[in-house]
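Trainee: Any chance you can model this:
(4 chains)
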Number of protein chains: 2
Amino acid sequence: MNTASKSGGDLAPRWLTDEEQRVWRAYLHATTLFDDHLDRQLQRDAGMPHIYYGLLVQLSQAPQRRLRMTELAIDAKITRSRLSHAVARLEQKGWVRREDCDTDKRGQNAVLTDLGFEVLEQAAPGHVEAVRQAMFDRLTPEQVERLGEIMRIIAEGLQPQDSGADLPWLR
Amino acid sequence: MNTASKSGGDLAPRWLTDEEQRVWRAYLHATTLFDDHLDRQLQRDAGMPHIYYGLLVQLSQAPQRRLRMTELAIDAKITRSRLSHAVARLEQKGWVRREDCDTDKRGQNAVLTDLGFEVLEQAAPGHVEAVRQAMFDRLTPEQVERLGEIMRIIAEGLQPQDSGADLPWLR
DNA sequence: GGTATGTAGTTCAACTTTCAATGACAGTCG
DNA sequence: CGACTGTCATTGAAAGTTGAACTACATACC
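Mentor: Presented below is the predicted three-dimensional model:
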């Protein structure tokens, strides 16, 4: 009768301490600015949002530069639906092509085109530079290491999440 | 003749090391999952996306629970345009109201309504709990401190950003 | 005052994301 | 085989975001 339920405890909520609040705001502040910054950088230099760039990267590193839609969705941490729309857009830009899957007639492979690869090659240096300038150039090696540890811990806790309908990371 | 220009160096790009790549992926992974998680949590429990919640919080903490549009945009790190749309939505939900500014006839104040405040009061515990579970419950006090330092550094570097047109943080 | 320039906020169109519904195929079990 | 159930991927509509264009007011300067 007194256990806190899944979300929204029944009794006094455990508010954040002042220190925690400061950290939380710094986190929100930094991640928001960073994400916007990268989105604008890529939109300007490569004509696509950050997420689309990430899709091309995943494809470029996959064997045959191709991936099943669901796999790509899982790797990129987005829903299948979102991926469908995104690939449609990338396809119409000529950067990705769809192919039927041999072994499963429901399946589709997203394939990086040569043009897509070129676009990626052109965009990559500027993007890496932006990431470097905003993050790695400003942190000590120790801080980078800590950041990695912390981010892995947070990601871990979020992985096997609740009962959503179309969450691709629910294998 | 050999200095790298603003973005996209002219010579060999400084690629990320393996370690840096791992950290970068962990960062992307964690922030993506976290953001999606909070968005879904708030959409489910309070019927609004994370950013809108943030707006209500800012308003609730302002004197008179009201803020000039531009100030709110700066605090929330979003463009004026996005804020206009957001406030329109919040207004139609009855959580925020617009008022003309006394001293500047161009100006508008966004005012948190009583209903808006109630909604916020109801949503806050669940939201804080979600943040706590995903972040603060999983990190040691030392890690929290490090995270704060790191995020402040990153945010700092992104603040006085380039020549955008409508970026509200260009005071 | 009158002109030029800057600022506050909104609007429009194009684009992206979400959520629920759908179609098509795969795997299981009687 | 035939019915069930699950999975793969897409679709359509509603919601949210973006960037540029726009209106209205403010400020500065002659």
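Trainee: center of chain A, which residue is that?
Mentor: Centroid-nearest residue in chain A, with Cα atoms, centre = their mean: A:Ala76, separated by 4.9 Å.
Trainee: residue boundaries of the helices in chain A?
Mentor: Under the criterion DSSP state H, chain A contains helices at A:18-46, A:50-61, A:69-76, A:80-93, A:114-131, A:141-158.
Trainee: Quick check: pLDDT value at the residue of chain A found nearest DNA strand D.
Mentor: As assessed by Cβ to the nearest atom of the strand, DNA strand D sits closest to A:Thr70 within chain A, at 2.9 Å. The way it works is simple: take the backbone N, C-alpha and C, and place the C-beta from them, glycine included. At A:Thr70, the pLDDT value in this model is 97.
Trainee: circling back to that earlier point, so who does the residue nearest to the centre of chain A touch?
Mentor: Residues in contact with A:Ala76, defined by Cβ atoms under 8 Å, 6 or more residues apart in numbering or on different chains, are A:Ile51, A:Gly54, A:Leu55, A:Gln58, A:Leu83.
Trainee: one step back: can you lay out the helices of chain A as CSV showing distance to B:Glu118?
Mentor: Output for these, formatted as CSV (distance: least, Cβ to Cβ, whole Å):
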stretch, distance to B:Glu118
helix A:18-46, 22
helix A:50-61, 35
helix A:69-76, 38
helix A:80-93, 33
helix A:114-131, 42
helix A:141-158, 29
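Trainee: now chain A, which segments are flagged as low pLDDT?
Mentor: Counting by pLDDT under 70, chain A shows low-confidence ranges at A:1-11, A:160-171.
Trainee: got the residues of chain A near DNA strand C?
Mentor: With Cβ under 7 Å from any atom of the strand as the criterion, chain A meets DNA strand C at residues A:48-49, A:51-52, A:78-79, A:81-82, A:85-86, A:89, A:104-106, A:165-166.
Trainee: Pull the most distant pair out of those residues.
Mentor: Among the residues of chain A next to DNA strand C, the pair separated by the greatest distance (Cβ to Cβ) is A:Pro49 and A:Lys105, at 31.6 Å.
Trainee: Which of those two has more residues huddled nearby?
Mentor: Using other Cβ atoms under 10 Å in any protein chain shown as the criterion, A:Pro49 and A:Lys105 rank with A:Pro49 on top: 15 against 7.
Trainee: Quick check: phi and psi at the more buried one.
Mentor: phi -70, psi 170 (degrees, to the nearest 10).
Trainee: Now list the buried members of the residues of chain A next to DNA strand C.
Mentor: By neighbour count, with 16 or more other Cβ atoms under 10 Å in any protein chain shown, those hold A:Met48, A:Ile51, A:Tyr52, A:Ile78, A:Thr79, A:Ala86 as buried.
Trainee: From A:Val23, how far off is the second one?
Mentor: From A:Ile51 over to A:Val23 the distance is 26 Å, taken as Cβ to Cβ, to the nearest Å.
Trainee: again, but for A:Arg98
Mentor: Taken as Cβ to Cβ, the span from A:Arg98 to A:Val23 is 44 Å.
Trainee: For the two, indicate the residue with more neighbours.
Mentor: A:Val23 (25 against 15).
Trainee: Test my guess that the more buried one contacts B:Glu149.
Mentor: No: judged on Cβ atoms under 8 Å, A:Val23 makes no contact with B:Glu149 at a distance of 9.1 Å.
Trainee: Spell out which residues of chain A are next to DNA strand D.
Mentor: A:36, A:39-40, A:43, A:68-71, A:80-81, A:83-85, A:87-88, A:98, A:101, A:104, A:106-109, A:166.
Trainee: Quick check on these: which are buried?
Mentor: The neighbour count (16+ other Cβ under 10 Å) marks A:Asp36, A:Arg40, A:Met69, A:Glu71, A:Leu83, A:Val87, A:Gln108, A:Asn109 as buried among the residues of chain A next to DNA strand D.
Trainee: Could you list which residues are in contact with the fourth one?
Mentor: Residues in contact with A:Glu71 (Cβ under 8 Å, 6+ apart): none are found.
Trainee: and if you look at the third one?
Mentor: A:Met69 is in contact with A:Arg80, A:Leu83, A:Ser84, A:Val87, A:Gly107, A:Gln108, A:Asn109, A:Ala110, counting by Cβ under 8 Å, 6+ apart.
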